[in-house]
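Participant: what would the 3D arrangement of this be:
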Amino acid sequence: MAGLLDETVAAIGGLDEDAARAARQRQQSLTKPSGSLGRLEHVSVQLAGIAGQCPPPLPLRPVVAVFAADHGVHAPRAARHGDLRQRRRLRRKGLMA
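Facilitator: Predicted structure coming up:
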């Protein structure tokens, strides 16, 4: 497994600045207020830089990862809903066993 990780890390290069610049220009040319998509605009520029083209290609096998944690926020009176309610909500959405 470490071999695959080492190979993957070695294959990662720097961002393609031309592609990132093109993505920023593309964001500015869209019919929407600048910055209205928030962090998503920054992510699109990063993806273009990583892919080396703008717009970046669609992934062949897209994957979504969902993470949830309580970080101690379920302590008494610290959160609107307790830990048990959060676990139930995640189970209902199929995000927790």
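
Participant: quick one, grab the pLDDT at the closest residue to L47 other than its chain neighbours.
Facilitator: Closest residue in space to L47, ignoring its immediate chain neighbours: P56 at 4.3 Å, by C-beta to C-beta, 6 or more residues apart in numbering. C-beta here means a position set from N, CA and C on the backbone, and glycine is covered the same way. With respect to pLDDT, P56 scores 90.

Participant: report the contact partners of P56.
Facilitator: With contact taken as C-beta atoms under 8 Å, 6 or more residues apart in numbering, P56 is in contact with 19, 23, 44, 47-48, 50.

Participant: just R26 next, same as before
Facilitator: R26 neighbours (C-beta under 8 Å, 6+ apart): 54-55.

Participant: could you pull up phi and psi at the residue sitting nearest the centre point of the chain?
Facilitator: For the chain, V43 is the residue whose C-alpha lies nearest the centre (C-alpha atoms, centre = their mean; 7.3 Å). When read as degrees, to the nearest 10, the backbone of V43 gives phi -60, psi -40.

Participant: swap in the one 10 residues further on?
Facilitator: Comment: the main-chain dihedrals of Q53 come out as phi -150, psi 150, following degrees, to the nearest 10.

Participant: which parts of the protein are helices?
Facilitator: 2-11, 17-29, 39-51, 83-92 (DSSP state H).

Participant: could I get those helices in TSV, plus columns for mean pLDDT and distance to V63?
Facilitator: Conversion of the helices of the chain to TSV gives the following (pLDDT from 0 to 100; distance: least, C-beta to C-beta, whole Å):
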stretch	mean pLDDT	distance to V63
helix 2-11	85	15
helix 17-29	95	22
helix 39-51	92	14
helix 83-92	78	19
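
Participant: columns distance to R61 on top of these, output as JSON lines?
Facilitator: JSON lines is the format used below for the helices of the chain (distance: least, C-beta to C-beta, whole Å):
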{"stretch": "helix 2-11", "distance to R61": "16"}
{"stretch": "helix 17-29", "distance to R61": "22"}
{"stretch": "helix 39-51", "distance to R61": "15"}
{"stretch": "helix 83-92", "distance to R61": "25"}
